[in-house]
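**Q** build me a model from this:
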Amino acid sequence: MNTTLVSETKTIMKTTISDLRQLLKVGLSLSVVFSSIAGYLLAVEVISFSILSLLALGGFCMVGASNTFNQVIEKDVDAIMQRTKNRPLPTERMSVNFAMTIAILLTVIGIAILYSINPKTALFGAVSIFLYTSVYTPLKGVTPLAVFVGAIPGAIPFMLGWVAATGNFGIEAGFLFMIQFFWQFPHFWAIGWLQFEEYKKVGYNMLPMNTKDKGAVKQIILYTFIMILVSVSPVLKLSGNFMIHPITAVIVAFLGFIMLYYAVQLYKTQENKEARKLMLSSVLYITMVQIIYVVDKFLQ
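**A** The predicted model follows:
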């Protein structure tokens with residue numbers, strides 16, 4: 001009897017932990033924390049591990065809160081789409097009230113932690129949650145412009161690290177914001193291409209003009225090119241204290257041209273496999289670029 005009880009308890013705990021991981025989208029949350037840490041390292045001369053820890057924990061709470069609010073709002077929509085139908089809320093393994101409690105607690109804790117770093121960091125964290133849950137999420141079923149709105153909270157984490165380090169939002173933080181802002185378009189439009197039929201079932205507009213054609217890919221190519229230009233522009237030393245060496249600019253451009261190559265291939269073939277390659281190359285791009293920037297900074 002005790003063995004059975006222990007086994008059942010372990011199963012329940014395993015399921016609960018799995019559901020919480022899905023609710024918070026732990027992988028995505030950690031990638032956002034990584035961006036914030038990269039932004040912090042770019043700004044400081046001497047690393048404060050206490051501030052770095054607060055930034056990581058506060059950032060994780062804020063992103064986890066955004067993801068949880070999002071899943072509460074989209075519970076019925078998630079139940080329809082193949083990719084999301086097994087999430088804890090659509091399957092009713094978790095109640096909406098429980099999820100809302102988690103989201104609110106994470107919001108309060110996250111803002112408090114970020115405020116302990118400095119008020120501006122907390123402000124940008126709060127703005128990110130508001131835009132993601134109250135503007136971007138409702139607009140997904142209304143207009144393709146939702147992607148533009150969603151790109152704003154999506155671009156905040158990289159520059160949030162700089163603000164946490166300096167207490168200021170200047171030209172440097174602005175450049176970090178723009179790099180991640182323009183990156184979002186090819187990344188999310190590639191996902192929109194792959195999930196077009198699924199999104200169409202629930203009325204989501206996740207491609208330019210909500211059409212899966214060469215016109216959409218032209219937009220992807222355009223924004224990829226802009227992303228490359230913005231990413232290498234710190235080599236011109238017009239971005240305040242955020243500067244990169246010429247060799248760094250060449251490496252960053254090369255990574256960008258890999259994305260551009262797959263975007264052009266998607267234009268030629270209009271096949272999902274090319275969109276998947278573009279999406280994966282975009283994840284590689286933003287990760288490697290942030291690492292390269294930090295390495296460049298500490299080699300100067």
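**Q** ramachandran angles for Ile286?
**A** Main-chain torsions, Ile286, degrees, to the nearest 10: phi -70, psi -30.
**Q** for it, give me its contacts.
**A** Going by Cβ atoms under 8 Å, 6 or more residues apart in numbering, Ile286 touches Ser35, Gln180, Trp183, His187. All C-beta atoms are positioned from the backbone trio N, CA, C, and that covers glycine.
**Q** what about the spatially closest residue to Trp193 that is not a sequence neighbour, how many residues nearby?
**A** Nearest in space to Trp193, with sequence neighbours left out and distances taken as Cβ to Cβ, 6 or more residues apart in numbering, is Ala275 at 4.1 Å. For Ala275, the count of nearby residues is 26 (other Cβ atoms under 10 Å).
**Q** re earlier: just the contacts of Ile286 now: which is nearest Ala79?
**A** His187 (25.8 Å; Cβ to Cβ).
**Q** ok, then the element right after the helix or strand containing that closest one?
**A** Element membership for His187 (DSSP states H and E) is helix 171-194. Later in the chain than helix 171-194, the nearest helix or strand by DSSP H and E is helix 196-201.
**Q** and the next helix or strand after that next one, what does it pack against?
**A** Reading on from helix 196-201 to the C-terminus, the next helix or strand found by DSSP H and E is helix 214-232. Secondary-structure packing of helix 214-232 (3 or more Cβ pairs under 8 Å, 6 or more residues apart in numbering; DSSP states H and E): helix 171-194, helix 246-269.
**Q** and those helices: which comes nearest Pro90?
**A** So among the helices and strands packed on helix 214-232, helix 171-194 is nearest, using Cβ to Cβ, at 19.6 Å.
**Q** I'd like to check the angle between the closest one and helix 246-269, please.
**A** 20 degrees (axes from the mean of the first three to the mean of the last three Cα atoms, to 10 degrees).
**Q** quick one: distance of helix 171-194 to the chain centre.
**A** Distance, stretch centre to chain centre, for helix 171-194: 9 Å (Cα atoms, centre = their mean, to the nearest Å).
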